[in-house]
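> mind looking at a prediction? Sequence and model below.
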Amino acid sequence: MTDREIVEKLLARDERVTKEFFFVKCRPLIFGILKKVFDFEANYDELVASLYEYLMEKDGAKLRSFKFQCELIWWLRIVASHFFVAKRDEVIEKSSDETLYEGKDEDQSYEESTAADDLERLLELMPNKRYVNVIRRHILEGRSSEEMAQEMHVTIKYFYNIKKRAMAQLTRVALNDIKKYGK
Amino acid sequence: MANKEYISDELLAAFLAGNTSKSDTLKVLKALKTDKTLREVAEIALSVDEEELNRFKPLPAMEMAAENAKNICSVMCEAFILHRRGINFDENELLDLAKKNNWLKPEGVPLHLIGQILAHYEIMITRKYYAGIEDIRHALMYDNEVIVVVDSDKLYPGREDLEDEPNHAVVVIKEDENRVTLYDPSEQEPNVLVQTDDFMKAWAESHNYMIRVLQTIDDYEPQPIDLGNIELTDDLLELREAIAENAHDVWAIKRKQEGWTYGEVRDDAHKKHPDLIPYSALPDSEKEYDRLMAMDTIRLVKKLGFNISKD
């Protein structure tokens, strides 16, 4: 099933797809996240039920907010991490009308040139120069995945893997940099 | 909130997947500086143990062990072992045998078919996924040869590693604390030394798949695939009962054709068996055996990456 079909079935509350998705396909991923978030043995069924409730409340508002900009499983990785961190910190305010963690994009004073300089510095710190090249050409210069795959003589599928690894390395470098300089 | 970028879950997910524009990429990087929760979420998302997730992924039994255009690395590993065991063979005949039996396909040899040549020469083999370095040590201690499947690009640091996949068979000759000695069909030297760390990374891509080549029947230690982490949905659990019942009937009809009849006590000489009764009349202890077999068969199908769906 495609991601769109899965989302449609989840929104239609298809019992089989819901069980298969949350309790079979995503089980290892969610287990992994729970292990990282909670330092005690968390009740999987209970917490997944609460995550499901969060995705489905208000006529599935959160799930409907998914716009397929990445794979569903990647989106869920972030949503679940965010949700369980919030759950742990007990900061979920159900009374609020605001959709949790949705972007507001209100800070228009964004200094793009400074940020671009920062990114250049982070790229310098990345150990794998091939990954740097992927970020530079694909993200900064806007070459398509198809063009990149052709240029690198790999299939699209493998290019997707490479760019995920490149972004993971960039993010780790950024997080270390922030820790180091206490920003 | 002043001076704080709000980043949606989808934007962060798209960023980590490498699907954001330049402007959104810069926006996420800026937000990471100011938003502690966002940093924690990104760290968690990146740190979910890929190795652990791997244990839940389908086994690569149908993947091909193939290094080069000839795709014969696994055949060469088996030939290497035949040679070590003093068995005479003609290399071309060996290749013909592998091709004729479809063990060697145009794309290579599927992982689960490695070892068929040795079996043809009546050499006993066992297979194991999720093996550890201790399993290799154990096998070598008993003079059992070990074939493993690796990602060849990870075996040798400095090589460009484009794809995470098991693609090459090698024989492990020796292992000490930091180094592994291999017979690698794609290398010129007869013995290749690699660092254990590199070997482990390369081996992980096949879910630590090893073929142990036994010397005697005493070396046989059954190693069924660990299926404990395969969850089954309710409809598949119901399927278990149907499979168990049918498996019993298949067994019973075969026995009856061979002249066996019902007897209160098993008597091989007179072909009497207490289980030659309908499944429904079997004691629970016997039904449990059939159910376990059925359940593990369904789990194995899923573990091998196949989906079972109802029309």
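That came in fine, so what should we check first? Numbers count the residues shown, from 1 in each chain, chains lettered A, B, ... in the order given.

> just the helices from chain A, written as ranges.
Ranges of helices in chain A, per DSSP state H, are A:3-11, A:15-19, A:27-37, A:44-64, A:72-89, A:112-125, A:129-134, A:145-152, A:156-181.

> quick check: mean pLDDT across the last one?
Yep, that's helix A:156-181 we're talking about. In this model, helix A:156-181 has a mean pLDDT of 86.

> with the first one instead?
Confidence over helix A:3-11, taken as the mean pLDDT, stands at 92.

> which helices and strands does that helix pack with?
helix A:15-19, helix A:44-64, helix A:72-89 (3 or more CB pairs under 8 Å, 6 or more residues apart in numbering or on different chains; DSSP states H and E). The C-beta positions use only the backbone N, C-alpha and C, and glycine is treated the same way.

> okay, angle between that helix and helix A:44-64 too, please.
110 degrees (axes from the mean of the first three to the mean of the last three CA atoms, to 10 degrees).

> so which of the helices and strands packed on helix A:3-11 is nearest chain B?
helix A:72-89 (4.3 Å; CB to the nearest CB).

> give me the buried positions along that closest one.
A:72, A:74-87 (16 or more other CB atoms under 10 Å in any protein chain shown).

> restricting to those, which residues neighbour chain B?
Restricting the buried residues of helix A:72-89 to those touching chain B (CB under 8 Å from any CB of the partner chain) yields A:Trp74, A:Trp75, A:Arg77, A:Ile78, A:Val79, A:Ser81, A:His82, A:Val85, A:Ala86.

> could I get those as CSV with pLDDT and distance to B:Lys128?
Below are those laid out as CSV (pLDDT from 0 to 100; distance: CB to CB, whole Å):
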residue, pLDDT, distance to B:Lys128
A:Trp74, 88, 32
A:Trp75, 93, 36
A:Arg77, 92, 31
A:Ile78, 94, 36
A:Val79, 95, 37
A:Ser81, 93, 34
A:His82, 93, 39
A:Val85, 91, 38
A:Ala86, 89, 42
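
> skipping its backbone neighbours, what lies nearest the closest residue to chain B within chain A in space?
With CB to the nearest CB, the shortest gap between chain A and chain B falls at A:Lys163, namely 3.3 Å. Distances taken as CB to CB, 6 or more residues apart in numbering or on different chains put B:Gly18 closest to A:Lys163, at 3.3 Å, once the chain neighbours are dropped.

> that neighbour should be in a helix, yeah?
No: B:Gly18 sits outside any helix when classified using DSSP: H, G, I helix; E, B strand; the rest coil, being coil.

> burial count for it?
26 (other CB atoms under 10 Å in any protein chain shown).

> residue contacts, the residue most central in space within chain A?
Nearest to the mean C-alpha position of chain A, by CA atoms, centre = their mean, lies A:Ile78 at 3.9 Å. Going by CB atoms under 8 Å, 6 or more residues apart in numbering or on different chains, A:Ile78 touches B:Asp9, B:Glu10, B:Leu12, B:Ala13, B:Leu16, B:Val41, B:Ala45.

> any idea of the angle the helix or strand where the second one lies forms with helix A:44-64?
Just to be clear, that refers to B:Glu10. Using DSSP states H and E, B:Glu10 sits within helix B:9-16. Inter-element angle recorded for helix B:9-16 and helix A:44-64: 90 degrees (by the same axes, to 10 degrees).

> in whatever helix or strand comes next after helix B:9-16, what's buried?
Next helix or strand after helix B:9-16 toward the C-terminus (DSSP H and E): helix B:22-34. Neighbour-count burial for helix B:22-34 flags B:Lys22, B:Asp24, B:Thr25, B:Leu26, B:Lys27, B:Val28, B:Leu29, B:Lys30, B:Ala31, B:Leu32, B:Lys33 (criterion: 16+ other CB under 10 Å).

> let's have the residues you listed in TSV, adding pLDDT and distance to chain A.
Formatted as TSV, these follow (pLDDT from 0 to 100; distance: CB to the nearest CB, whole Å):
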residue	pLDDT	distance to chain A
B:Lys22	91	5
B:Asp24	91	9
B:Thr25	93	5
B:Leu26	92	4
B:Lys27	91	7
B:Val28	92	9
B:Leu29	91	6
B:Lys30	89	5
B:Ala31	90	9
B:Leu32	90	6
B:Lys33	87	5
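
> just the closest of the residues you listed to B:Leu155, please.
B:Thr25 (33.9 Å; CB to CB).

> residue contacts, that closest one?
A:Leu119, A:Ile139, A:Leu140, B:Phe15.

> doesn't B:Arg212 lie inside a strand?
Yes: judged by three-state DSSP, B:Arg212 forms part of a strand.

> okay, and the beta partners of it?
With beta bridges defined as DSSP bridges, B:Arg212 has these partners: B:Thr126, B:Val146.

> is it true that B:Leu282 touches B:Asp275?
Yes: contact criterion CB atoms under 8 Å: B:Leu282 and B:Asp275 qualify, at 6.4 Å.

> list the residues that contact both of those two?
The overlap between the contact sets of B:Leu282 and B:Asp275 (CB under 8 Å, 6+ apart) consists of B:His248.

> could you give me the average pLDDT of the helix or strand containing B:Val172?
Here B:Val172 sits within strand B:168-175, counting by DSSP H and E. Average pLDDT, strand B:168-175: 94.

> verify the stated contact: B:Ala210 with B:Lys128.
Slight slip there: residue B:210 is Met, not Ala. Yes: using CB under 8 Å, B:Met210 is in contact with B:Lys128, at 5.4 Å.

> overlap in contacts of those two?
B:Asp135.

> residues near A:Phe22, how many?
Around A:Phe22 there are 20 residues (other CB under 10 Å).

> chain neighbours aside, what residue packs nearest to it?
A:Val48 (5.5 Å).

> next up, the contacts around the one you found.
Contacts of A:Val48 (CB under 8 Å, 6+ apart): A:Phe22, A:Phe23, A:Ile30.

> hmm, try it at 10 Å
A:Phe22, A:Phe23, A:Cys26, A:Arg27, A:Ile30, A:Phe31, A:Leu34, A:Ala42, A:Ala80 (CB atoms under 10 Å, 6 or more residues apart in numbering or on different chains).

> could you check how far it is from A:Ile73?
15 Å (CB to CB, to the nearest Å).

> same check, this time on B:Val41
B:Val41 sits 16 Å away from A:Ile73, going by CB to CB.

> burial count for residue 57?
As the question left the chain open, I've gone with chain A. 12.

> my question was about chain B, not that one.
With other CB under 10 Å as criterion, B:Lys57 counts 12.

> ok, which stretches of the stretch 201-311 of chain B are strands?
Shown for the stretch 201-311 of chain B, the strands assigned by DSSP state E, counting those that start in this stretch span residues B:210-213, B:261-262, B:272-273.

> to B:Leu94, which of those strands lies closest?
Closest to B:Leu94 of the strands of the stretch 201-311 of chain B is strand B:210-213 (CB to CB; 15.6 Å).

> distance from the chain centre to that closest one, please.
Remark: strand B:210-213 is offset 12 Å from the chain centroid, using CA atoms, centre = their mean, to the nearest Å.

> equivalent analysis for stretch A:70-83, please.
5 Å.

> for chain B, which spans come out with low pLDDT?
B:1-5, B:49-56, B:66-70, B:161-163 (pLDDT under 70).

> burial of B:Val75, as a residue count?
26.

> how near is it to chain A?
26 Å (CB to the nearest CB, to the nearest Å).

> I'd like to know how many residues surround B:Trp260.
19.

> over to the residue nearest to it when sequence neighbours are not counted: give its phi and psi.
Excluding its sequence neighbours, the residue lying closest to B:Trp260 (CB to CB, 6+ apart) is B:Lys271, at 4.3 Å. Main-chain dihedrals, B:Lys271, degrees, to the nearest 10: phi 50, psi 50.
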